[in-house]
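**Q** Requesting a structural model of the entry that follows:
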Amino acid sequence: MNWLRIAQGVLCAVEVCGLYYIFNLFYEQKRDKLWERISFIITLILFCGLTIFQREVGGMYSRYFMFLCIFLAVCIGKFFYNITFTRCLLVSTLYFESIYFSDIFLGYIGQALLDSIDFVDYIQFQINLERIIILGITRCFLLIVLFILRKYKIHVNNLCFNYRMLLIGFAVLEYLGLFSCEKVFIPAYRRRKDICLLCSISYNFDLNIYYCNSLYNVYRKEK
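**A** Coordinates of the predicted model:
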């Protein structure tokens, strides 16, 4: 059990550090003074600690904690980086929505594959190998995305500037997909026919992801 807690702590740290990495990658830092550098490190440690504590006590998924993370990310971005409020909010929202949607969606898929109506409760309220596997898969995806962002930094930066409304729409669609999959925590929705309905909703959301990715590829070719 101890090694599961350690693994979960490491994965939570990867999640928080990924946000800081994105800010460092695309935006200029304001850490000119010593106290700003110290406070920057302190906020990173506290953010990691808060995320680990929430997963330990509150469960794997919490929509309200996601909102809290977005709020904290916006505060951190505005205080330590030269970034507009709108862009900071958009980046933070897309980042945490994507992570939390991936977690709940994989848990939901695991429930459907194992045909167990208690699977989501099992990974939500207990630290177990299944939860670590889900968190590990989504954090591996996160690392891959960070690598892609670094490789195509200029194109991504231009995309965020020129297609901001598209990304805002994407954030709304992502939240709707998250809200739909969230129903898997309601026992009444765990019957097989309801799972098929949620699969259909999630599949439509994946099509939106593919559509946005296609637009990005077209834009990259034009550049």
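**Q** how about the helices in the chain?
**A** 2-26, 34-53, 63-80, 85-114, 119-125, 129-151, 153-162, 164-181, 192-222 (DSSP state H).
**Q** Switch those over to a markdown table; also include mean pLDDT and mean neighbour count.
**A** Quick note: C-beta positions are derived from backbone N, CA and C, even for glycine. Output for those, formatted as a markdown table (pLDDT from 0 to 100; neighbours: other C-beta atoms under 10 Å):
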| stretch | mean pLDDT | mean neighbour count |
| --- | --- | --- |
| helix 2-26 | 92 | 17 |
| helix 34-53 | 90 | 14 |
| helix 63-80 | 92 | 17 |
| helix 85-114 | 85 | 19 |
| helix 119-125 | 81 | 19 |
| helix 129-151 | 90 | 16 |
| helix 153-162 | 75 | 14 |
| helix 164-181 | 76 | 17 |
| helix 192-222 | 54 | 13 |
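**Q** How about Ser92: what's its closest non-neighbour residue?
**A** Ala73 (3.7 Å; C-beta to C-beta, 6 or more residues apart in numbering).
**Q** Let me see the contact set for that neighbour.
**A** By C-beta atoms under 8 Å, 6 or more residues apart in numbering, Ala73 lies in contact with 19, 88, 91-92, 95-96.
**Q** Which two of those residues have the greatest separation?
**A** Cys88 and Phe96 (12.6 Å; C-beta to C-beta).
**Q** Provide the backbone phi and psi angles at Lys33.
**A** Backbone torsions of Lys33, given as degrees, to the nearest 10, read phi -100, psi 160.
**Q** what do you get for Met60?
**A** Torsion angles, degrees, to the nearest 10, at Met60: phi -70, psi -40.
**Q** And it, how far from Leu4?
**A** 12 Å (C-beta to C-beta, to the nearest Å).
**Q** Ok, Leu142 next?
**A** 20 Å.
**Q** now swap in Ile42 and tell me
**A** 27 Å.
**Q** same thing with Ser92?
**A** To Leu4, Ser92 is 29 Å away according to C-beta to C-beta.
**Q** got a list of what the residue nearest in space to the middle of the chain touches?
**A** Nearest residue to the geometric centre of the chain (C-alpha atoms, centre = their mean): Ile99, 2.1 Å. Counting by C-beta under 8 Å, 6+ apart, Ile99 touches 15, 138, 142.
**Q** If anything else comes up later, I'll come back, but that's it for now.
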